[in-house]
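Trainee: heads up, no residue letters with this:
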């Protein structure tokens, strides 16, 4: 198969590392301006050949062309074009010159997906950078915009000592020709305590950081019980097993109980023993609301039994619509509120939980005489 010499084609010069689909040219390295009489390029991996002699080109591989000066041009390189290309050319006096050029072609890096598994018990987190089954990629890990690890490991293990709260983590995958960044995630072991908590919840009261001076002592005291926990010069002393402290001085509850209700006062001291900060935080712990039992005391009086609980608000409903919302467990029906064949229910609730009774309908003989 023969073809005329390509003239006037403008193409970028091939680098060593190329992205799949790139069009570029490997320049023929001639030592002078003499036009070679014969030129041959051979792909050593596949024996693909392009050969020019007497201004005629013979080629065996689609996508390969030869420039007027003998340079080798690729139209849309593919992975199979990777390898060494040996060139041989002859001057008009028969002098032979040869050499090799090499290119490596890479697929475009995919967009990686970052997932996270947190082990609260052991206080560590594993981040996984998913990019399929590609083996040509290097994984880099970032905290904010700063690289923290650069190796071919799709997993990153973070302990609590490594993690900075409210900092984002991401990964990137790259080869010499392309790079793609993942989504970002924020890693946190801390679930900040709300003021109202359900018994058994785990959470953290974060220590405010109004003063930038580094503390050497932090102390928390539960004002209701006198229980305390103290960190001083890297050592922790406590009067109770209910309290632990984070490295940043935050107060941790592994499983709050009713006795943890109350105000917690904190004190912060510098290396000289001078108090540099103080304040209070308050939490209220509630038991889970029980399922109330609905009964008729008399025909027009309903009772919502919640046991001896005093922290609950009782709400009354008919057919799903609220008709009374207060702490009164007894509902005395007025004539307006009597609706036969409609279900009545009550709910018992506190700030952190709520339970609803089974529904009951009024007896058919229910009637109220107004005077």
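Mentor: Perfect, thanks for sending it. Predicted model only: the values in this text are computed from it and were never measured. Numbering: from 1, shown residues only.
Trainee: The residue lying closest to residue 205 once chain neighbours are set aside: what's it in contact with?
Mentor: In this structure, residue 205 finds its nearest non-sequential neighbour in residue 251, 4.3 Å apart by CB to CB, 6 or more residues apart in numbering. Every residue, glycine included, has its C-beta placed from N, CA and C. Contact analysis of residue 251 by CB atoms under 8 Å, 6 or more residues apart in numbering lists 204-205, 207, 220, 229, 243-245, 264, 266, 281.
Trainee: If we use 10 Å, what do you get?
Mentor: 193, 203-207, 218, 220, 222, 229, 243-245, 264, 266, 281, 283 (CB atoms under 10 Å, 6 or more residues apart in numbering).
Trainee: On the C-terminal side of the helix or strand of the chain with the lowest mean pLDDT, identify the next helix or strand.
Mentor: Lowest on mean pLDDT, DSSP states H and E among the helices and strands of the chain sits strand 2-4, with a mean of 44. Sequence-wise, the next helix or strand downstream of strand 2-4 (DSSP states H and E) is strand 12-13.
Trainee: what lines up beside the helix or strand that that next one is followed by in the sheet?
Mentor: Later in the chain than strand 12-13, the nearest helix or strand by DSSP H and E is strand 17-19. Sheet pairing of strand 17-19 (DSSP bridges) gives strand 96-106 (parallel).
Trainee: mean confidence score for the partner strand?
Mentor: The average pLDDT within strand 96-106 is 93.
Trainee: following that strand, which helix or strand comes up?
Mentor: strand 113-119.
Trainee: contacts for that next one?
Mentor: 124-132, 141, 155-159, 163, 169-171, 181-189.
Trainee: if I read this right, residue 312 contacts residue 305, doesn't it?
Mentor: No. Using CB atoms under 10 Å, residue 312 is not in contact with residue 305, being 11.2 Å away.
Trainee: out of these two, which sits in the busier spot?
Mentor: residue 312 (23 against 15; other CB atoms under 10 Å).
Trainee: Please name the residues that touch that one.
Mentor: By CB under 10 Å, 6+ apart, the neighbours of residue 312 are 286-287, 289-290, 292, 304, 306, 327, 329, 347-350, 353-355.
Trainee: try residue 170
Mentor: Taking CB under 10 Å, 6+ apart, we find residue 170 in contact with 112, 114, 127, 129, 140-145, 181-185.
Trainee: Residue 360 is in contact with residue 341, correct?
Mentor: No. At 11.6 Å, residue 341 does not count as touching residue 360 under the criterion of CB under 10 Å.
Trainee: neighbour count winner among those two?
Mentor: Between residue 341 and residue 360, counted using other CB under 10 Å, the more crowded position is residue 360 (14 against 8).
Trainee: Buried only: go through the contacts of strand 113-119 for me.
Mentor: Among the contacts of strand 113-119, those classed as buried by 16 or more other CB atoms under 10 Å are 124-125, 127, 129, 131, 141, 156, 158, 163, 169-171, 181-182, 187, 189.
Trainee: from the residues you listed, which single one is nearest residue 199?
Mentor: The closest of the buried ones among the contacts of strand 113-119 to residue 199 turns out to be residue 189 (CB to CB; 21.1 Å).
Trainee: can you tell me the distance between the two ends of stretch 31-48?
Mentor: Stretch 31-48 has its terminal residues 25 Å apart, counting by CA to CA, to the nearest Å.
Trainee: Can you mark which positions in it are buried?
Mentor: Using 16+ other CB under 10 Å as the burial criterion, the residues of stretch 31-48 that qualify are 36-43, 48.
Trainee: Against residue 269, how distant is the closest residue to residue 267 other than its chain neighbours?
Mentor: Distances taken as CB to CB, 6+ apart put residue 219 closest to residue 267, at 4.6 Å, once the chain neighbours are dropped. Look at residue 219 and residue 269: by CB to CB, to the nearest Å, they are 8 Å apart.
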